[in-house]
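A.B. asks: coords please:
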Amino acid sequence: KTMTVISGVAGSGKSSLVADIKKELNQGFIDLSQAPVGVNIRSTPATYLDILDPIRKMFGKKYKKPISYFSYNGKGACPRCKGKGVTITNMAFMDPIVSICESCHGKRYSQEALSFKLKGKTVADILNFSVKEAKVFFKNQIEIENKLTNLKKVGLGYLKLNQSLTTLSGGEQQRIKLAIELNKKGQIYLLDEPTAGLHMQDTDRLIRLFQQMTDQGNSLIIIEHNLELITKADWLIDMGPGAGKYGGKLMFSGFPADSIKCKESKTGQALSRYIKNIIN
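C.D. replies: Take a look at the predicted model:
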């Protein structure tokens, strides 16, 4: 199985090529393009990964309480803000005034719910953890830990469990979808600039993950500009030479190293300069 990268300047026809590839594929595929993950204002990494109920069950088991006591949409909600964390005051002829709830201070839970703790942490404390912190906290809780591990693998260890998914970039939303689809074999994955906005260390981690995925028998088709990722690809398809009506042409197709010899390939020339800088 291979990792194929499709490169080219913005508007050169990369997405159009992938759209045509989809029509020709004779098997199912997992499309992780930068389309929204279908979330609303209440969606968070905790809800998307479906780990809220397991966390609530841990509290319920310890204190012999129904899990609704540990839900800000249930009995555990702050009575003043009804679990929203904010209060909204409607003003005549003016936009509503949104304020942090004075009772729960934005934690969304009632004082009773916040009196219960796991390893010294309230349910609100836990939901304010980053994915990386939560993974340590829930070590050996397999149902929760494995899902958090996958988020960390795709470079999202910094996300808060209670962060609204509507605040994520296209690249982040794409990677959170990838976290759900990991650990499969014999699949075709389609991705669109998955390294967008990533720190260099996280980019390296993501590249290693892609290589592991191909080792597991998966094929990846990735639209990408990142030169480090391109050097690790098994096959490169470069579109160009320009954008719009000046694009749509195949400038190069082959091993990434061979693109350096192709003067018509802008990616190949950029790759040549990139490699020279690394050597020097």
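
A.B. asks: do a quick rundown of the helices in the protein.
C.D. replies: 14-24, 45-48, 52-63, 123-127, 131-137, 142-153, 170-181, 200-215, 227-232, 266-279 (DSSP state H).

A.B. asks: make TSV out of these and add distance to H105 and mean neighbour count.
C.D. replies: The C-beta positions use only the backbone N, C-alpha and C, and glycine is treated the same way. TSV is the format used below for the helices of the chain (distance: least, C-beta to C-beta, whole Å; neighbours: other C-beta atoms under 10 Å):
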stretch	distance to H105	mean neighbour count
helix 14-24	45	14
helix 45-48	20	22
helix 52-63	20	17
helix 123-127	9	21
helix 131-137	20	19
helix 142-153	26	19
helix 170-181	27	21
helix 200-215	32	16
helix 227-232	43	18
helix 266-279	49	16
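
A.B. asks: looking at those helices, which has the lowest confidence?
C.D. replies: Lowest mean pLDDT within the helices of the chain: helix 170-181, a mean of 87.

A.B. asks: give me the angle between it and helix 200-215.
C.D. replies: Orientation note: helix 170-181 sits at an angle of 40 degrees relative to helix 200-215 (axes from the mean of the first three to the mean of the last three C-alpha atoms, to 10 degrees).

A.B. asks: against which helices or strands is helix 170-181 packed?
C.D. replies: Contact partners of helix 170-181 among helices and strands, from 3 or more C-beta pairs under 8 Å, 6 or more residues apart in numbering; DSSP states H and E: strand 30-32, helix 45-48, helix 142-153, strand 188-192.

A.B. asks: what are the contacting residues of the third one?
C.D. replies: To tie it back to what came earlier, the one meant is helix 142-153. By C-beta atoms under 8 Å, 6 or more residues apart in numbering, the residues outside helix 142-153 that reach it are 45, 49-51, 54-55, 131-132, 134-135, 138-139, 157, 159, 176, 179-180, 182-183, 205, 209.

A.B. asks: sorry, back to before: same list (the helices and strands packed on helix 170-181) but as CSV, adding distance to L198.
C.D. replies: As requested, the helices and strands packed on helix 170-181 are exported to CSV (distance: least, C-beta to C-beta, whole Å):
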stretch, distance to L198
strand 30-32, 15
helix 45-48, 17
helix 142-153, 13
strand 188-192, 13
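
A.B. asks: nearest to R273, of the ones you listed?
C.D. replies: Taking C-beta to C-beta, strand 188-192 is the member of those nearest to R273, at 24.6 Å.

A.B. asks: list the buried residues of stretch 89-107.
C.D. replies: Neighbour counts using 16 or more other C-beta atoms under 10 Å place C101, C104, G106, K107 of stretch 89-107 among the buried residues.

A.B. asks: cool, and stretch 246-265?
C.D. replies: Of the residues in stretch 246-265, those buried under the neighbour-count criterion (16+ other C-beta under 10 Å) are G247, G248, M251, F252, S253, P256, S259, I260, C262, S265.

A.B. asks: out of the helices of the chain, which gets nearest to C78?
C.D. replies: With respect to C78, and counting by C-beta to C-beta, the nearest of the helices of the chain is helix 123-127 at 10.0 Å.

A.B. asks: just the CA atoms of the closest one, as CSV, please.
C.D. replies: Output for helix 123-127, consisting of C-alpha atoms alone and laid out as CSV, is shown next (Å, rounded to 0.1, in the frame of the first residue of the first chain):
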residue,chain,number,x,y,z
VAL,A,123,-16.0,16.5,36.8
ALA,A,124,-15.5,20.1,35.7
ASP,A,125,-11.7,19.9,36.5
ILE,A,126,-11.5,16.8,34.4
LEU,A,127,-13.3,18.3,31.4
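
A.B. asks: mind giving me the packing neighbours of it?
C.D. replies: Using 3+ C-beta pairs under 8 Å, 6+ apart as the contact definition, the elements that helix 123-127 packs against are helix 52-63.

A.B. asks: helices and strands around the helix it packs on, which ones?
C.D. replies: Using 3+ C-beta pairs under 8 Å, 6+ apart as the test, helix 52-63 ends up in contact with helix 123-127, helix 142-153.

A.B. asks: just the C-alphas of the longest one, formatted as PDB.
C.D. replies: This means helix 142-153. The C-alpha atoms that make up helix 142-153 are tabulated as PDB, following Å, rounded to 0.1, in the frame of the first residue of the first chain:
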ATOM      1  CA  ILE A 142      -8.900   1.300  28.500                       C
ATOM      2  CA  GLU A 143     -12.200   2.600  27.200                       C
ATOM      3  CA  ILE A 144     -11.200   6.200  27.700                       C
ATOM      4  CA  GLU A 145      -7.400   6.000  27.300                       C
ATOM      5  CA  ASN A 146      -7.400   4.400  23.900                       C
ATOM      6  CA  LYS A 147      -9.600   7.100  22.400                       C
ATOM      7  CA  LEU A 148      -7.400   9.800  23.900                       C
ATOM      8  CA  THR A 149      -4.300   8.100  22.600                       C
ATOM      9  CA  ASN A 150      -5.600   8.300  19.100                       C
ATOM     10  CA  LEU A 151      -6.200  12.100  19.500                       C
ATOM     11  CA  LYS A 152      -2.700  12.500  20.700                       C
ATOM     12  CA  LYS A 153      -1.400  10.400  17.700                       C
END
